[in-house]
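>>> this one's sequence-less:
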């Protein structure tokens, strides 16, 4: 099997997007496929992933991937290695805003995330996906990414994870900073930097991106931007093959860590 760096000019770029069966992840996967990438549409529920891939049509295929399950991750690695031998782009998009009762309003989710009262079980569950899941998937996919001549990792974060922004008394979202979701995105940003610093010498670029306040299942569809609008910056970063590393951007440009 050829190393991707030896044959990248003659092969289709390969991407994996986690949590790609809906929302921002679906839009990213669709855009990548439209640009000629062979896209793995990651989904905890394979049927949902297959429906998404069928809607995207060309250049996409569903892959069962639960970022909290080691066996699911290793099976995904084995399949991608067998079918393509490498991975050019990993988009860590899978995330959850809470682990409580489904259908709660954004206000109820915010209240449940208060540092003084948040359920530790809910904190652990959210961080298992948003933080540990990203570490696990990234570590597992690194051998395949290292076979690419221009590997990139994009972590879908949130402006709520910006400690600089949230600590500003004038920040409109300050009251929404809790320890379930928001702090998990702060941790994700730190993980992004850690991987970026370590992998820079290997020319593997790692960046974090915020979709903005997008109406998705993550916030019970209470965001102010459509999923199409919110996906623009994540799509731009995902498609940028010659950009910088160790950046955190949102719809309006660079964000402070």
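Sure thing, it's come through. Quick caveat: nothing in here was measured; it's all calculated off a predicted structure.

>>> Which stretches in the stretch 1-150 of the chain count as strands?
14-17, 38-43, 60-64, 89-92 (DSSP state E, counting those that start in this stretch).

>>> any idea how far the third one is from the chain center?
Looking back up the chat, that one is strand 60-64. Mean-position distance between strand 60-64 and its chain equals 16 Å (Cα atoms, centre = their mean, to the nearest Å).

>>> repeat for the longest one
Between the centre of strand 38-43 and the centre of its host chain there is 12 Å, according to Cα atoms, centre = their mean.

>>> what's the angle from it to strand 60-64?
40 degrees (axes from the mean of the first three to the mean of the last three Cα atoms, to 10 degrees).

>>> Can you list the strands that strand 38-43 pairs with?
strand 14-17 (parallel), strand 60-64 (parallel) (DSSP bridges).

>>> With respect to burial, which of the ones you listed scores highest?
Of all the strands paired with strand 38-43, strand 14-17 carries the top mean neighbour count, a mean of 29, counting by mean count of other Cβ atoms under 10 Å. C-beta coordinates here come from the backbone N, C-alpha and C atoms, glycine included.

>>> which sections of the stretch 101-250 of the chain are below the confidence cut-off?
By pLDDT under 70, the weakly predicted segments of the stretch 101-250 of the chain are 213-225.

>>> From residue 192, how far out is the nearest residue to residue 200 once chain neighbours are set aside?
Closest residue in space to residue 200, ignoring its immediate chain neighbours: residue 245 at 5.8 Å, by Cβ to Cβ, 6 or more residues apart in numbering. For residue 245, the distance to residue 192 equals 10 Å [Cβ to Cβ, to the nearest Å].

>>> Now the common contact residues for these two.
Common contact partners of residue 245 and residue 192 (Cβ atoms under 8 Å, 6 or more residues apart in numbering): 206-207.

>>> Looking at the two, which has the bigger crowd around it?
Neighbour count, other Cβ atoms under 10 Å: between residue 245 and residue 192, residue 192 has more, with 27 against 18.

>>> still on that earlier bit, how about a markdown table for the strands paired with strand 38-43, with distance to residue 139 and mean pLDDT added?
Below are the strands paired with strand 38-43 laid out as a markdown table (distance: least, Cβ to Cβ, whole Å; pLDDT from 0 to 100):
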| stretch | distance to residue 139 | mean pLDDT |
| --- | --- | --- |
| strand 14-17 | 14 | 98 |
| strand 60-64 | 18 | 98 |
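
>>> TSV please, covering the ones you listed and showing distance to residue 141.
What follows is the strands paired with strand 38-43, written out as TSV (distance: least, Cβ to Cβ, whole Å):
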stretch	distance to residue 141
strand 14-17	7
strand 60-64	12
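
>>> Please report how far the spatially most central residue of the chain lies from residue 209.
Using Cα atoms, centre = their mean, the residue of the chain that lies closest to the mean C-alpha position is residue 93, 2.1 Å off. Here the criterion is Cβ to Cβ. By it, residue 93 lies 10 Å from residue 209.

>>> Between these two, which contacts overlap?
With Cβ under 8 Å, 6+ apart as the test, residue 93 and residue 209 both reach 156, 234.

>>> re earlier: can you tell me which of the strands paired with strand 38-43 is nearest to residue 110?
When the strands paired with strand 38-43 are compared by Cβ to Cβ, strand 14-17 sits nearest residue 110, at 27.6 Å.

>>> distance between the closest one and the chain's centre?
11 Å.

>>> do the same with stretch 12-20
For stretch 12-20, the distance to the chain centre is 11 Å (Cα atoms, centre = their mean).

>>> and it, how far apart are its ends?
End-to-end distance of stretch 12-20 (Cα to Cα, to the nearest Å): 20 Å.
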